[in-house]
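Peer 1: coordinates for the following, if possible.
(one chain, ligands or ions: 1)
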Amino acid sequence: MAELNAFITEETVESDADGPLSGKTIAVKDNISTEGLRTTCGSAMLEEYVPPYDATVVTRLKESGATIVGKTNMDEFGMGGTTETSAYGPTKNPVDHSRVPGGSSGGSAAAVAAGDADLALGTDTGGSVRNPAAFCGVVGIKPTYGLVSRYGLVAYANSLEQIGPLAPTVREAAELLDVIAGPDDSDSTTREEGADSNYAAAADGDVDGLTVGVVTDLVEGADDRVVEVFEDAVADLESEGATVREVSLDSLEHAVQAYYVIAMSEASSNLARYDGVRYGVSASSASGGSEDGRSESSGVSGGFEGNWNDSFARSREAGFGPEVKRRVLLGTYALSAGYHEKYYKKAQDARAWIKRDFDEALSEADVLASPTMPVLPPKLGESLSDPLQLYLIDANTVPVNLANLPAISVPAGEADGLPVGLQLVGSKFGEAEIVRAASAAES
Ligand code: GLN
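Peer 2: Next up is the predicted model:
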């Protein structure tokens with residue numbers, strides 16, 4: 001288990017409840033609050049943070065009889081696509097230990113792929129469930145925004161993210177989604193949909209009469225080896241009775257830019273709470289007095305010394321890694337007076353356009369298909385040096401979050417011995433449709 005570094009904390013929490021997940025083990029991403037169990041978000045900032053309450057999804061897992069086996073490794077605060085920005089070291093891809101498992105829910109996908117857990121929860125802000133599912137050869141679902149409660153999820157970018165299941169098969173992923181889906185009084189963005197869901201029943205492999213729209217914009221930029229596997233998977237769906245047609249969404253060329261402006265803006269605001277006083281490690285005691293010489297204790301509890309700004313800055317300097325700092329800086333910039341119109345407002349306009357384009361495409365097709373990731377899993381250490389390159393591998397996943405739609409990644413086959421994922425996108429609350437299509441695609 002330790003070999004892959006899939007877990008930040010290994011600890012078993014049993015449930016006495018008798019439910020649909022009795023006898024199943026589950027790994028939980030380390031940005032989902034677990035009462036009494038350390039929750040670090042992959043950050044040194046939260047190394048010692050133990051939440052006093054369970055996230056709603058964790059309460060539902062416990063009620064369903066599942067046994068939690070630990071908290072999984074992740075890119076720091078979910079910021080990354082390879083699990084290499086974690087303060088706890090990278091996770092290895094179980095299929096090829098020299099490669100990344102994808103991210104940011106890389107620990108969750110690796111744990112399932114390696115058989116260290118039957119199931120796992122991840123979170124998907126711009127692809128973080130689907131990306132590692134594709135790279136590790138397992139199934140991952142990003143639910144419609146509002147289907148699953150975010151109460152107790154440590155926020156990265158609230159308007160984009162959802163908690164989602166990872167599992168070896170489509171049916172098992174759907175069973176887990178049935179457990180966590182549905183309205184929650186503690187999260188006003190949840191909807192009635194999913195209250196009595198039975199997505200697992202939709203995993204019947206019946207695609208007769210289903211129309212699959214191939215999103216050409218998301219195939220063109222992909223690696224040839226990925227495209228070959230993707231095309232075979234689509235041809236299989238066609239031979240099973242689906243109708244395949246091509247669709248094109250002009251807005252998608254702006255999706256990565258729009259996503260990063262919005263995600264970083266929301267992140268810069270969400271991460272303001274980590275100052276060593278409200279949340280996070282306090283670095284003030286370690287580094288002595290402040291630069292302006294006012295080093296006397298102010299008398300505030302928690303080891304606070306000097307002026308507030310210096311103390312906050314020391315904590316944030318010590319507690320955040322380079323990728324998080326980059327995003328807080330860029331997000332703050334994008335929201336600042338004078339630049340707000342130029343960046344944030346434009347990104348919101350692009351988001352609205354992407355939503356309209358998806359609505360139109362989904363009026364012509366029941367589900368939309370693309371490769372989940374445009375590339376094969378990179379080697380460990382290969383992508384960290386070039387953040388822009390890292391952002392670009394999200395091209396096929398981020399549009400779905402911008403449009404608040406559901407999507408699934410299902411193993412489509414292998415290229416050079418490495419897993420390739422097929423992404424199927426559905427209409428709002430159309431989880432049953434994507435589960436059905438994915439169950440037909442799964443070999
Ligand atoms: N790779 C994307 C990012 O870094 C998506 C991450 C996620 O979904 N949490 O923002």
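Peer 1: can you list the residues of the stretch 1-150 of the chain near the ligand?
Peer 2: 78-81, 104, 124-128 (C-beta under 6 Å from any ligand atom). C-beta here means a position set from N, CA and C on the backbone, and glycine is covered the same way.
Peer 1: kindly recompute the last result at 5 Å.
Peer 2: By the rule C-beta under 5 Å from any ligand atom, the part of the stretch 1-150 of the chain lying against the ligand is 78-79, 81, 104, 124-128.
Peer 1: show me where the stretch 151-300 of the chain has its helices.
Peer 2: Taking DSSP state H, counting those that start in this stretch as the test, the helices found in the stretch 151-300 of the chain are 170-180, 217-220, 224-239, 255-270, 284-287.
Peer 1: need those helices in JSON lines (columns: distance to the ligand).
Peer 2: JSON lines is the format used below for the helices of the stretch 151-300 of the chain (distance: least, C-beta to the nearest ligand atom, whole Å):
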{"stretch": "helix 170-180", "distance to the ligand": "17"}
{"stretch": "helix 217-220", "distance to the ligand": "16"}
{"stretch": "helix 224-239", "distance to the ligand": "18"}
{"stretch": "helix 255-270", "distance to the ligand": "5"}
{"stretch": "helix 284-287", "distance to the ligand": "30"}
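Peer 1: looking at those helices, which is closest to Ala2?
Peer 2: helix 170-180 (25.1 Å; C-beta to C-beta).
Peer 1: who are the packing partners of that closest one?
Peer 2: Counting by 3 or more C-beta pairs under 8 Å, 6 or more residues apart in numbering; DSSP states H and E, the packing neighbours recorded for helix 170-180 are helix 56-63, strand 119-124, strand 139-142, strand 162-167, strand 407-415, helix 431-441.
Peer 1: what are the pairing partners of the shortest one, and which direction each?
Peer 2: Each strand paired with strand 139-142, and its direction, by DSSP bridges: strand 162-167 (antiparallel), strand 407-415 (antiparallel).
Peer 1: same question for stretch 173-180, mean pLDDT?
Peer 2: The predicted model assigns stretch 173-180 a mean pLDDT of 98.
Peer 1: can you list contacts of it?
Peer 2: The contact list for stretch 173-180, computed with C-beta atoms under 8 Å, 6 or more residues apart in numbering, reads 19-21, 26, 57, 60-61, 64, 66, 119, 121, 139-141, 143, 148-149, 163-167, 197-200, 202-203, 408, 431, 435.
Peer 1: now a ChimeraX select for only the buried ones of the residues you listed.
Peer 2: Selection command for ChimeraX covering only the buried members of these, criterion 16 or more other C-beta atoms under 10 Å:
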select :21,26,57,60,61,64,66,119,121,139,140,141,143,148,149,163,164,165,166,167,197,199,200,202,203,408,431,435
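Peer 1: where's Val95 relative to Asp217, distance?
Peer 2: For Val95, the distance to Asp217 equals 28 Å [C-beta to C-beta, to the nearest Å].
Peer 1: again, but for Leu4
Peer 2: 35 Å.
Peer 1: now do the SS call for the closest residue in space to Gly81 that isn't next to it in sequence.
Peer 2: Residue nearest to Gly81 in three dimensions, not counting chain neighbours: Gly103, with 5.0 Å by C-beta to C-beta, 6 or more residues apart in numbering. Following DSSP: H, G, I helix; E, B strand; the rest coil, Gly103 is assigned to coil.
Peer 1: likewise for Leu424?
Peer 2: What three-state DSSP gives for Leu424 is strand.
Peer 1: element containing Ala71, please.
Peer 2: Not quite, residue 71 is Lys, not Ala. strand 67-72 (DSSP states H and E).
Peer 1: ok, back up a step: identify whichever of the helices of the stretch 151-300 of the chain lies nearest to Tyr344.
Peer 2: Counting by C-beta to C-beta, and looking across all of these, nearest comes helix 255-270 at 5.5 Å.
Peer 1: picking up where we left off before, Ala337: which of the strands paired with strand 139-142 is closest?
Peer 2: The nearest among the strands paired with strand 139-142, by C-beta to C-beta, is strand 162-167 at 31.6 Å.
Peer 1: okay, the angle between the closest one and strand 119-124?
Peer 2: 150 degrees (axes from the mean of the first three to the mean of the last three C-alpha atoms, to 10 degrees).
Peer 1: ok now strand 162-167, how far from the chain's centre?
Peer 2: Relative to its parent chain, strand 162-167 has a centroid offset of 8 Å by C-alpha atoms, centre = their mean, to the nearest Å.
Peer 1: also stretch 46-63?
Peer 2: In terms of C-alpha atoms, centre = their mean, the centre of stretch 46-63 is found 17 Å from the chain centre.
Peer 1: can I get that stretch in CSV? Just the C-alpha atoms.
Peer 2: The C-alpha coordinates for stretch 46-63 follow below in CSV (Å, rounded to 0.1, in the frame of the first residue of the first chain):
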residue,chain,number,x,y,z
LEU,A,46,-3.3,21.8,7.2
GLU,A,47,-0.8,19.2,8.3
GLU,A,48,-2.4,19.1,11.8
TYR,A,49,-6.0,19.9,10.9
VAL,A,50,-8.6,17.5,12.3
PRO,A,51,-12.1,18.5,11.4
PRO,A,52,-14.8,18.5,14.1
TYR,A,53,-17.5,17.3,11.8
ASP,A,54,-18.2,15.0,8.8
ALA,A,55,-18.9,16.2,5.3
THR,A,56,-22.5,15.2,4.3
VAL,A,57,-21.1,12.7,1.8
VAL,A,58,-19.1,11.0,4.7
THR,A,59,-22.2,10.9,6.9
ARG,A,60,-24.0,9.2,3.9
LEU,A,61,-21.1,6.7,3.5
LYS,A,62,-21.3,5.8,7.2
GLU,A,63,-25.1,5.3,6.9
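Peer 1: thank you, goodbye.
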